[in-house]
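>>> got a structure for you, letters missing:
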Ligand code: IMP
Ligand code: MG
């Protein structure tokens, strides 16, 4: 698994420190208000697990399964919301959590969907941001790291379903993509 990586962009130590900082900023923003975190499956699962353990405010957790990538590194179609929320977010403070803000289409469509349910507020927190790829001007309220336009894996992010368990973030060797038909 590690041998498939070209370079490591973010180490485990750097990620841990930044997630702690994000937790403090989010705590400060909401003070003691209760929030509903909506985490976007599958990619945001690792980030969310770490983030919530760095939050002191009361929170509830809900998940949405969203799919925008097939087995490729390019968006195949418009994002699809594949599940529904278990909680009623009307009048609640909602925090959307995703692994990476790329074109912005996923978070924009989830933001629209959640806003239509009349929450008290909707904010968003992403682990990574690729601002160069944005198609719609969507801005996250909190972002862990801004990265260049490179496909990355690890810390929840996958390529064709793999590499999510890596505790750091890196890019893949070109041979991984070229040999994909062999695996
Ligand atoms: P967006 O709708 O283009 O903003 O895409 C967001 C989704 O695309 C993320 O939640 C990821 O699942 C996926 N994605 C975008 N860039 C990468 C990447 O570099 N590695 C892995 N997944 C990515
Ligand atoms: Mg995703």
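All right, it came through fine. Just so it is clear, the structure is predicted and the values come from calculations on it, not from any experiment. Ligands and ions are numbered 1, 2, ... in the order given.
>>> neighbours around residue 139, how many?
Burial of residue 139 is recorded as 14 neighbouring residues (other Cβ atoms under 10 Å). Glycine gets a C-beta too; all of them are placed from N, C-alpha and C.
>>> let me fix that: residue 57
When neighbours are defined as other Cβ under 10 Å, residue 57 has 18 of them.
>>> and the gap between the spatially closest residue to it that is not a sequence neighbour and ligand 1?
In space, and not counting its chain neighbours, residue 57 is closest to residue 30: 5.0 Å by Cβ to Cβ, 6 or more residues apart in numbering. In this view, residue 30 and ligand 1 are 23 Å apart by Cβ to the nearest ligand atom, to the nearest Å.
>>> just residue 172 next, same as before
Residue 172 sits 9 Å away from ligand 1 when distances are taken as Cβ to the nearest ligand atom.
>>> Identify the bridge partners of that residue.
Beta-bridge partners of residue 172, counted by DSSP bridges, are residue 5.
>>> got the buried residues for stretch 168-182?
By neighbour count on 16 or more other Cβ atoms under 10 Å, the buried set for stretch 168-182 is 168-172, 176.
>>> Check which helices and strands the longest strand seen in the chain is in contact with.
Longest strand of the chain, by residue count under DSSP state E: strand 59-69. Counting contacts by 3 or more Cβ pairs under 8 Å, 6 or more residues apart in numbering; DSSP states H and E, strand 59-69 is packed against strand 35-41, helix 45-52, strand 75-81, helix 105-115.
>>> Residues contacting it, please?
Applying Cβ atoms under 8 Å, 6 or more residues apart in numbering, the contact partners of strand 59-69 are 34-42, 48, 52, 75-87, 89, 95, 105-106, 110.
>>> Now it: average pLDDT?
For strand 59-69, mean pLDDT is 86.
>>> Pull up the pairing partners for that strand, direction included.
Strand 59-69 pairs in its sheet with strand 35-41 (parallel), strand 75-81 (antiparallel), by DSSP bridges.
>>> Thanks again, I'm all set now.
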